[in-house]
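A.B. asks: 3D model of this:
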Amino acid sequence: MEWMNDQVHIENLPRVENVALTPIEPSYLKVLRWEWLILSILLGILVAILLYFIKPLHQVKWIVLLIGGWLLITAAWYWLQGKSFSTRAYAIREKDVIYRSGWIIQSTHTCPFNRIQHSAVTIGPLEKRFGLASLVLYTAGSNEADLRIRGLQETTAWTLKEWITKKIADEPVTGE
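C.D. replies: Model (predicted):
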């Protein structure tokens with residue numbers, strides 16, 4: 001058999017933009033808001049401790065700067081969460097999983113089934129309260145190659161995990 005290495009023309013490749021993505025559960029925004037509230041309170045406590053124990057910070061300019069900074073950071077974080085939430089979506093195709101996220105910097109990750117080593121469903125305390133879960137796909141790539149889809153209904157996450165587990169058992173492993 002003769003070795004071939006034909007050119008692939010970009011216009012002939014499938015377009016990921018044409019895939020209909022499924023948005024994550026709307027109730028996941030509540031989880032994000034609770035996380036925001038908890039971390040904002042912790043950051044506020046840290047600011048209060050700094051203001052109380054560090055004497056040079058007892059000047060009005062430092063008090064205004066620290067409290068104003070805390071308010072600005074927490075308000076911006078709250079606003080950005082709402083904006084980025086609407087972009088989170090996923091799709092399961094025959095050969096891969098697609099996940100899109102981000103508002104300022106939007107990223108779309110495609111994870112082929114033949115690179116997935118195993119999968120897991122994780123449920124944090126806030127997710128559990130809202131009946132949500134995360135699907136984690138561990139790949140054969142580097143540390144940054146794993147894919148986590150947060151904000152799925154718990155039953156959906158388990159169904160996808162089982163389906164993907166069966167799928168990767170049937171996928172042929174290709175060499176590099």
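
A.B. asks: Let me know the secondary structure of residue 4.
C.D. replies: coil (DSSP: H, G, I helix; E, B strand; the rest coil).

A.B. asks: quick one, strands of this protein?
C.D. replies: Secondary structure of the chain (DSSP state E): strands located at 22-23, 89-92, 96-101, 107-112, 116-122, 132-139, 147-153.

A.B. asks: Can you give the domain ranges for the protein?
C.D. replies: The chain breaks down by automatic domain parsing into domains covering 28-84, 88-170.

A.B. asks: okay, the ones you listed in TSV with mean neighbour count, mean pLDDT and distance to residue 7 next?
C.D. replies: No exception for glycine: its C-beta is placed from N, CA and C like everyone else's. Formatted as TSV, these follow (neighbours: other CB atoms under 10 Å; pLDDT from 0 to 100; distance: least, CB to CB, whole Å):
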stretch	mean neighbour count	mean pLDDT	distance to residue 7
domain 28-84	13	93	38
domain 88-170	16	93	22
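
A.B. asks: Out of the ones you listed, which is closest to residue 5?
C.D. replies: In terms of CB to CB, the element of the domains of the chain nearest to residue 5 is domain 88-170, at 20.5 Å.

A.B. asks: next one: that closest one to chain centre, how far?
C.D. replies: From the chain centre to the centre of domain 88-170 is a distance of 9 Å (CA atoms, centre = their mean, to the nearest Å).

A.B. asks: what does stretch 35-48 give?
C.D. replies: Centroid separation for stretch 35-48 versus its chain: 22 Å, with CA atoms, centre = their mean.

A.B. asks: How about residue 157, nearest residue that isn't a chain neighbour?
C.D. replies: Leaving aside its sequence neighbours, residue 157 sits nearest to residue 133 (CB to CB, 6 or more residues apart in numbering; 3.9 Å).

A.B. asks: From residue 120, how far off is the one you found?
C.D. replies: 10 Å (CB to CB, to the nearest Å).

A.B. asks: Let me see the backbone angles for residue 25.
C.D. replies: phi -60, psi 130 (degrees, to the nearest 10).

A.B. asks: And the helices in the protein?
C.D. replies: Secondary structure of the chain by DSSP state H: the helices cover 28-53, 60-85, 125-129, 154-170.

A.B. asks: Turn those into JSON lines, including distance to residue 108.
C.D. replies: Compiled in JSON lines, the helices of the chain are given as follows (distance: least, CB to CB, whole Å):
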{"stretch": "helix 28-53", "distance to residue 108": "19"}
{"stretch": "helix 60-85", "distance to residue 108": "14"}
{"stretch": "helix 125-129", "distance to residue 108": "23"}
{"stretch": "helix 154-170", "distance to residue 108": "18"}
